[in-house]
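> Provided below for reference: sequence and predicted model.
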Number of protein chains: 2
Amino acid sequence: MDKQTITRIVIIEDDETIREGYTYLINHTSAYKVVNAYPSFDAARHKIAKDNPDVIILDIQLPGTSGVDALPALKKLLPHTYIIMLTVYETEKIILDALANGASGYFTKNTPSARIIEAIREVMQGGGPMSPDVAKTVITSLQRNQDSPLTKRETQILELIAKGKDRCQIANELFIEIETVKTHVKNIYIKLNVNSKSEAINIARQNRLI
Amino acid sequence: MDKQTITRIVIIEDDETIREGYTYLINHTSAYKVVNAYPSFDAARHKIAKDNPDVIILDIQLPGTSGVDALPALKKLLPHTYIIMLTVYETEKIILDALANGASGYFTKNTPSARIIEAIREVMQGGGPMSPDVAKTVITSLQRNQDSPLTKRETQILELIAKGKDRCQIANELFIEIETVKTHVKNIYIKLNVNSKSEAINIARQNRLI
DNA sequence: TAAAAATCCCCCCTAACGGGTGATTTTTAA
DNA sequence: TTAAAAATCACCCGTTAGGGGGGATTTTTA
């Protein structure tokens, strides 16, 4: 290693309790130090470069500029800094966006605080730490075929079919008419070149469309 | 800690490349040492007690006595030794058997070699390291309700139904008649107090029967 | 050896499925 | 702004896989 043996951390999190909790926790480990903690990205924006952090712990639900929007800016400002996202949301889209935008780790807020220490270590070693629930979402979607012939709605409906729901249930669940479901199913069959539910499920699973 | 600061490892693995690879890797860490490496359990049987290992890395596909059969014997011989299983198979039954028989960890052979070092550390700390694919299998089955009203066959059939297979496919897959499938399905419905495939799947999923 | 599980067979009925055709509205991208 | 893609809805028609009832034999297990 070089002269810098202490890993420098910056926390951007509006909840004071969480912010100070993490600060306390991290500062009580020998290898890591919180060099600064901000309640928002806007507060951090013009000062964070001087903090020269190795790792940023970034909340998504931030007043002003949100964490997702802050991500690209931070990446531009500090290209070599690892960023660990923190959030209560675990929507597939948000998680994927964050990861695609260069987040190194992703944790939901029900994660045990101590896990974050481990996460910093992992991230410094090039790992991609994430809470199990997030990992599941990510793996599932990563495994999903990128160039699916199916539209979003069709994929959604096929997933419901795969769960054993019938047209009527699907229609109720999606607040659309049975006939619409039928049309989607018909289009799914055409695209997958099949003509039954089970075939569609099998082909879709084989090609990781669902 | 006590005087014994070096963790003693024994490897039982017939593939010479893998065996020597692990030996090399482990011996190049300061905390662990391979005290012996055997190509089969039969070769290890009468000598392993003297090796006094803390951790045994045990292949399942072993010539002579297989790894699964060796497990109980090893446990009896060295009750306090942790055992990490290594295999190409990831059948639910085999994994579960191994774990039920006292394996502490379970890795498929596509696991990065370096991960094994980490696994040894985890296992010594009482953890249960396993590769993601294995973890998934285990979690799924662990979450499965222990006192299911369904018999093995019924559970099996319900799982196939949940996969979208129809009576005919199930019959072919299980080498039984369609009528038998029907009977099983009828019994499933009675036990779960439902009267359709989708209901059965839902109830079963709710109660973690599948 | 008795109970439980697994296997197989026949009859009946219909709800849900799959196919065809056509059209409108909303969203997206160019 | 405009054309294309996606999503929405509707009606007709024929079929079959699914569900219900009843009964019986063989295999496994306790």
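Here it is on my side, so go on.
> helix or strand for residue A:53, which one?
Residue A:53 is part of no helix or strand, with elements assigned from DSSP states H and E.
> Contact partners for it?
A:8, A:9, A:10, A:35, A:36, A:78, A:81 (CB atoms under 8 Å, 6 or more residues apart in numbering or on different chains). Yep, even glycine has a C-beta here, placed from its N, CA and C like the rest.
> Would you format those as a markdown table with pLDDT and distance to DNA strand C included?
Formatted as a markdown table, the contacts of residue A:53 follow (pLDDT from 0 to 100; distance: CB to the nearest atom of the strand, whole Å):
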| residue | pLDDT | distance to DNA strand C |
| --- | --- | --- |
| A:8 | 92 | 40 |
| A:9 | 92 | 38 |
| A:10 | 93 | 35 |
| A:35 | 92 | 41 |
| A:36 | 92 | 38 |
| A:78 | 82 | 30 |
| A:81 | 83 | 31 |
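> Let's have those residues in a markdown table, adding distance to residue B:67 and secondary structure.
Converted to a markdown table, those look like this (distance: CB to CB, whole Å; DSSP: H, G, I helix; E, B strand; the rest coil):
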| residue | distance to residue B:67 | secondary structure |
| --- | --- | --- |
| A:8 | 46 | strand |
| A:9 | 44 | strand |
| A:10 | 48 | strand |
| A:35 | 50 | strand |
| A:36 | 52 | strand |
| A:78 | 49 | coil |
| A:81 | 45 | coil |
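> Next up, the contacts around residue A:78.
So residue A:78 contacts A:48, A:49, A:52, A:53, A:56 (CB under 8 Å, 6+ apart).
> should've said residue A:8
A:33, A:35, A:51, A:52, A:53, A:54, A:55.
> so which of the residues you listed would you say is closest to residue B:108?
Nearest to residue B:108 among these: residue A:55, at 31.3 Å, using CB to CB.
> The closest one: what's it in contact with?
So, once contact is read as CB under 8 Å, 6+ apart, residue A:55 ends up touching A:7, A:8, A:9, A:10, A:81, A:82, A:83, A:84, A:120, A:123, A:124.
> does the residue of chain A found nearest DNA strand C sit in a helix, a strand or a coil?
Proximity of chain A to DNA strand C (CB to the nearest atom of the strand) peaks at residue A:195, 2.7 Å away. Three-state call for residue A:195 (DSSP: H, G, I helix; E, B strand; the rest coil): coil.
> What's the local residue count around the residue lying closest to it once chain neighbours are set aside?
Nearest residue to residue A:195, sequence neighbours excluded (CB to CB, 6 or more residues apart in numbering or on different chains): residue A:189, at 5.5 Å. Residue A:189 has 16 neighbours, counted by other CB atoms under 10 Å in any protein chain shown.
> The helix or strand residue A:72 falls within: which residues count as buried?
For residue A:72, the element it lies in under DSSP H and E is helix A:67-77. By neighbour count on 16 or more other CB atoms under 10 Å in any protein chain shown, the buried set for helix A:67-77 is A:67, A:68, A:70, A:71, A:74, A:75.
> picking that back up, so which of the contacts of residue A:53 is the closest to residue A:164?
Of those, the one sitting nearest to residue A:164 (CB to CB) turns out to be residue A:81, at 46.4 Å.
> Right, I'll leave it there.
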